[in-house]
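based on what follows, work out the 3D shape:
(one chain, ligands or ions: 1)
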Amino acid sequence: MSEMSEEASPPEGIEENSSQITYTSYRDETQLGPIMALIDKELSEPYSIFTYRYFITLWPHLCFMAFHGSECVGTIVCKMGQHRSTFRGYIAMLVVIKPYRGKGIATELVTRCLQVMRDSGCDEVTLEAEVTNKGALALYGNLGFVRAKRLHRYYLNGVDAYRLKLLFPRPQDSASLQSNPQLWQGATHYPAELKEEAEEERSVSFLRELPENSVSFGDVKGLESPAEIVFHLSL
Ligand SMILES: CC(C)(COP(=O)(O)OP(=O)(O)OC[C@H]1O[C@@H](n2cnc3c(N)ncnc32)[C@H](O)[C@@H]1OP(=O)(O)O)[C@@H](O)C(=O)NCCC(=O)NCCS
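Residues are numbered from 1 along each chain as shown. This next block holds a predicted model:
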């Protein structure tokens, strides 16, 4: 997802009480217009009606809207499906309009989608965000996403993207890693085209298996991203 570069204006006339916001999943085609208008206004990447229909018609239960009264103030659009050997959720679009930002609305929208994805059996969730989108990177970082890959000039505006990834922990992984901590290093026979992905998966898995209080993103001075933390730990 690629955001508009314009600065956010400060919230105006919105009370701090976030209980005024209600959340619903996508209901019918009458909601398509408001969703498209909101996303087209806030994201720089242009999407056609076919793209919206693809996501929302096939995965209506992975599209949520946030309302203040009758006004739609935020939305999220996702999908899920098989990707190689994993069942993967994908967050395609996420937007909260400027006056309503900083109130936890995006966090709530993402959390609802993650819940559906997890309950549906997803192993992992991915998305792309501009490397310059500090807000989105912080938001997803707080939710446990890590930077898996940098994609050169990914967006039409020429900006690079980070592919962010969240792995849902699987009970059998924790058990295996406890009995054999070297296990994650064992796979060396991946075909070349899968090697990068495999490296990525192992790094991310390793990072997520660390005890909660050992190293956290914010604790390590001079390291900019979780990917760098993985690099240092792997030496
Ligand atoms: C990114 C966006 C969806 C965040 O929506 P939001 O409702 O304001 O997000 P939340 O209130 O849930 O923020 C949760 C956390 O994210 C981080 N965050 C969000 N916006 C931030 C910003 N502008 N700068 C730094 N951190 C930010 C903070 O850590 C925040 O937690 P805190 O308020 O406790 O500090 C919103 O700014 C937006 O629509 N931007 C334009 C579209 C876009 O960039 N979409 C994402 C594309 S990947």
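
neighbours around the nearest residue to I35 once chain neighbours are set aside, how many?
Distances taken as C-beta to C-beta, 6 or more residues apart in numbering place T75 nearest to I35, at 5.1 Å, with adjacent residues excluded. (Glycine included, C-beta is placed from N, CA and C.) Neighbourhood size, T75 [other C-beta atoms under 10 Å]: 28.

mind jotting down where the helices sit in the protein?
32-42, 49-58, 105-119, 134-142, 171-179, 192-209, 226-234 (DSSP state H).

buried ones in the first one, by neighbour count?
Under the neighbour-count criterion of 16 or more other C-beta atoms under 10 Å, helix 32-42 has L32, I35, M36, L38, I39, E42 buried.

in TSV: the residues you listed, plus pLDDT and distance to A66.
Listed next are the buried residues of helix 32-42 as TSV, based on pLDDT from 0 to 100; distance: C-beta to C-beta, whole Å:
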residue	pLDDT	distance to A66
L32	96	16
I35	97	11
M36	97	16
L38	96	10
I39	96	13
E42	91	13
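
would you point out the most distant pair within those residues?
L32 and E42 (16.4 Å; C-beta to C-beta).

what's the first-to-last distance across stretch 22-41?
Across stretch 22-41, the terminal residues are separated by 21 Å (C-alpha to C-alpha, to the nearest Å).

please see if it touches the ligand.
No. Stretch 22-41 stays out of contact with the ligand when judged by C-beta under 6 Å from any ligand atom, the minimum separation being 8.5 Å.

contact partners of that stretch?
Identification of contacts with stretch 22-41 by C-beta atoms under 8 Å, 6 or more residues apart in numbering yields 4, 46-47, 49, 52-53, 56, 60-61, 63-67, 72, 74-75, 77, 93, 95, 97, 108-109, 112.

for the residue nearest to I35, which residues are in contact?
I35, L38, I39, C63, F64, M65, A66, M93, L94, V95, L109.

least trustworthy helix or strand in the chain by mean pLDDT?
helix 226-234 (a mean of 33; mean pLDDT, DSSP states H and E).
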